[in-house]
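Visitor: Dropping the sequence and predicted coords here.
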Amino acid sequence: MSGTDVSTAILPADTGALDRPLSSDEGDFDCTSDPARPGWLRWTLKDTGRFNSVLGPMWARKAEDGMVHVLTEPGYLQGNLSNNLHGGMILTQIDIALFVCARLNGSLGEGPGVTLDLSTHFYGAGKVGVPTICEVEILRETGRFIFERGLVTQNGESICAFTGTIRKSSVPRR
C-alpha cells in the first residue's frame, strides 16, 4: 500500500462494482461518475441531515485488485484549533471508507453493518485544504465479519494507518 497522488493517479476501469451507478431506489447512497474527476465516483449519502455529511463531498474509486480510495477535500469546518485536520474528522473518514470499500467490493449489500473495531496510528498532522485520501482494502471476509486495513494520505504522505472490522447485519433493515 502506498500513498496516492490525487492529481495524477487514475486507476484502470473496474469491471465489477463500478460499471454502473447505484440508482436512487437502491438504498441510502447515490454513487455516480463525476465528469469533473475522471475515474472517480461521487459518493453521496441521500439523507444529508446525517452525521456523515460533516465531511462534505466524497469521491470513491476501486482498483482492479479491490483497493478502494475515498477522497475528501477538508475545509475550515473539518479543522481543529491548530488549523490541522481534526482527529475526529479523520476517524469519520476512515469509518466511512471501511463501508465504502465493503460495498464497492460486494461484501456488504444494502443492509446495514456496524463497526466493531477501529484501531488507528497517527503519524503526523493532516492539513486543512489538502485533499485527503483513505486507501482501504479487505484483508479477509467471513460470513459475519469484514476485516480491513488502510492508510490516510495527503499529497502521497501517510498521516495515519488503520485497521477495522465490520460486522454484517443478519437482518435487513426495514
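Guide: Noted; the coordinates are in hand.
Visitor: Could you list the low-pLDDT ranges of the chain?
Guide: Applying pLDDT under 70 to the chain flags residues 1-29, 52-53, 110-111, 171-174.
Visitor: which stretches of it form strands?
Guide: Secondary structure of the chain (DSSP state E): strands at 29-33, 41-45, 58-62, 68-72, 113-122, 132-141, 145-154, 157-168.
Visitor: Next, format those strands as TSV and append mean neighbour count and distance to Ile94.
Guide: In short, each C-beta sits where N, CA and C put it, glycine included. Formatted as TSV, the strands of the chain follow (neighbours: other Cβ atoms under 10 Å; distance: least, Cβ to Cβ, whole Å):
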stretch	mean neighbour count	distance to Ile94
strand 29-33	17	18
strand 41-45	20	14
strand 58-62	24	12
strand 68-72	24	9
strand 113-122	13	7
strand 132-141	20	6
strand 145-154	22	7
strand 157-168	19	5
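Visitor: Make JSON lines out of these and add distance to Gly79.
Guide: Listed next are the strands of the chain as JSON lines, based on distance: least, Cβ to Cβ, whole Å:
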{"stretch": "strand 29-33", "distance to Gly79": "26"}
{"stretch": "strand 41-45", "distance to Gly79": "22"}
{"stretch": "strand 58-62", "distance to Gly79": "17"}
{"stretch": "strand 68-72", "distance to Gly79": "13"}
{"stretch": "strand 113-122", "distance to Gly79": "15"}
{"stretch": "strand 132-141", "distance to Gly79": "12"}
{"stretch": "strand 145-154", "distance to Gly79": "13"}
{"stretch": "strand 157-168", "distance to Gly79": "14"}
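Visitor: Indicate which one of these is closest to Leu85.
Guide: With Cβ to Cβ as the criterion, Leu85 lies closest to strand 132-141 of these, at 7.0 Å.
Visitor: So what are the sheet partners of that closest one and their directions?
Guide: strand 68-72 (antiparallel), strand 145-154 (antiparallel) (DSSP bridges).
Visitor: who wins for proximity to Leu108 among those?
Guide: With respect to Leu108, and counting by Cβ to Cβ, the nearest of these is strand 145-154 at 6.7 Å.
Visitor: Run through who's touching stretch 133-141.
Guide: 1, 3-4, 6, 65-71, 93-94, 96-98, 100-102, 105, 107, 146-154 (Cβ atoms under 8 Å, 6 or more residues apart in numbering).
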